[in-house]
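J.: A structural model of the following input is requested.
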Amino acid sequence: MKKYFITGLLVLVPLFITVWVLKTLVQTLDQSLFLLPTSWRPVALLGVDIPGFGVILTVVIVLATGLVATNIFGQQLIELWEGLLIRVPVVKSIYSSVKQVSDTLFSDSGNAFRQALLIEYPRQGVWTIAFLTGTPGGDVANHLQGEYVSVYVPTTPNPTSGFFLMLPKADVITLDMSVDQALKYIISMGTVAPLPKQH
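T.: Predicted coordinates:
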């Protein structure tokens with residue numbers, strides 16, 4: 001009975017969690033329907049609520065925003081909008097910080113989470129996986145002698161929290177694995193080891 005129960009859990013738990021995450025995601029994205037006039041919403045047009053319609057609307061809004069932002073007129077519009085935002089005291093600090101992080105994470109020219117690393121942490125002889133986030137900058141760089149790198153050490157099993165460290169480049173080992181593989185390895189607490197690459 002114990003064997004069957006554990007086997008059942010191994011099958012059902014990932015399935016239930018996946019369904020729950022997808023349901024939560026769809027419900028969150030469906031909030032974009034509130035941007036539409038009441039008469040344009042699926043309930044008013046079709047007489048029935050359509051789960052997931054907000055996902056389509058969100059994707060359309062994101063694509064349209066990206067399309068507008070890539071032309072000259074759109075870039076000028078965004079610069080004007082950002083110019084207005086940074087004049088509001090509280091909004092300025094929040095928006096600037098979030099924009100810097102998002103530009104680093106999502107921009108093709110950014111270095112964040114582009115490389116998985118192996119470092120000694122939290123003490124010598126103990127190793128963990130980290131991600132390269134760049135190099136130290138500002139006045140911090142003036143106080144560091146030699147070549148240093150900035151790394152993010154995620155916690156297990158929740159990689160959204162972690163530690164920011166600046167280490168000598170010589171103390172960092174570059175791993176021959178993708179960022180996705182490294183994240184799976186961390187989230188699984190080391191139980192899902194990355195497959196070796198075929199050379």
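J.: from now on I want contacts and neighbour counts done on CA atoms only, so please keep to that.
T.: OK.
J.: other SSEs contacting the lowest-mean-pLDDT helix or strand in the chain?
T.: The helix or strand of the chain with the lowest confidence, counting by mean pLDDT, DSSP states H and E, is helix 89-106 at a mean of 73. With contacts defined as 3 or more C-alpha pairs under 8 Å, 6 or more residues apart in numbering; DSSP states H and E, helix 89-106 has these neighbours: helix 72-85.
J.: can you give me the angle the least confident helix or strand of the chain makes with helix 72-85?
T.: 140 degrees (axes from the mean of the first three to the mean of the last three C-alpha atoms, to 10 degrees).
J.: what average pLDDT does the very next helix or strand once past helix 89-106 get?
T.: The first helix or strand that comes after helix 89-106 along the chain, using DSSP states H and E, is strand 116-120. On average, the pLDDT along strand 116-120 is 95.
J.: what strands line up against strand 116-120, and which way round?
T.: The sheet places strand 116-120 alongside strand 127-134 (antiparallel), strand 173-174 (antiparallel), with pairing taken from DSSP bridges.
J.: show me what counts as buried in the longest one.
T.: Yep, that's strand 127-134 we're talking about. For strand 127-134, burial by neighbour count (16 or more other C-alpha atoms under 10 Å) applies to 129-134.
J.: and which of those residues is nearest to residue 181?
T.: Of all the buried residues of strand 127-134, the one with the least separation from residue 181 (C-alpha to C-alpha) is residue 129, at 11.1 Å.
J.: would you single out the least confident of the strands paired with strand 116-120?
T.: strand 127-134 (a mean of 92).
J.: for residue 185, find the nearest of the strands paired with strand 116-120.
T.: Of all those, strand 127-134 sits nearest to residue 185, with 9.0 Å by C-alpha to C-alpha.
J.: other residues contacting the closest one?
T.: Residues external to strand 127-134 that are found in contact with it (C-alpha atoms under 8 Å, 6 or more residues apart in numbering): 111-121, 149-154, 179, 182, 186.
J.: which strands and helices lie in contact with the helix ranked longest in the chain?
T.: Assignment by DSSP state H gives helix 2-29 as the longest helix of the chain. In this structure, helix 2-29 makes packing contacts with helix 53-69, judged by 3+ C-alpha pairs under 8 Å, 6+ apart.
J.: quick one: buried residues of the helix it packs on?
T.: Neighbour counts using 16+ other C-alpha under 10 Å place 53-55, 57-58 of helix 53-69 among the buried residues.
J.: how distant is that helix from the center of its chain?
T.: Counting by C-alpha atoms, centre = their mean, to the nearest Å, helix 53-69 is centred 19 Å from the centre of its parent chain.
J.: packing partners of that helix?
T.: Other elements packing on helix 53-69 under the criterion 3+ C-alpha pairs under 8 Å, 6+ apart are helix 2-29, helix 72-85.
J.: neighbouring contacts of it?
T.: Contacts with helix 53-69, where a contact means C-alpha under 8 Å, 6+ apart, come from 26, 29-33, 74-75, 78.
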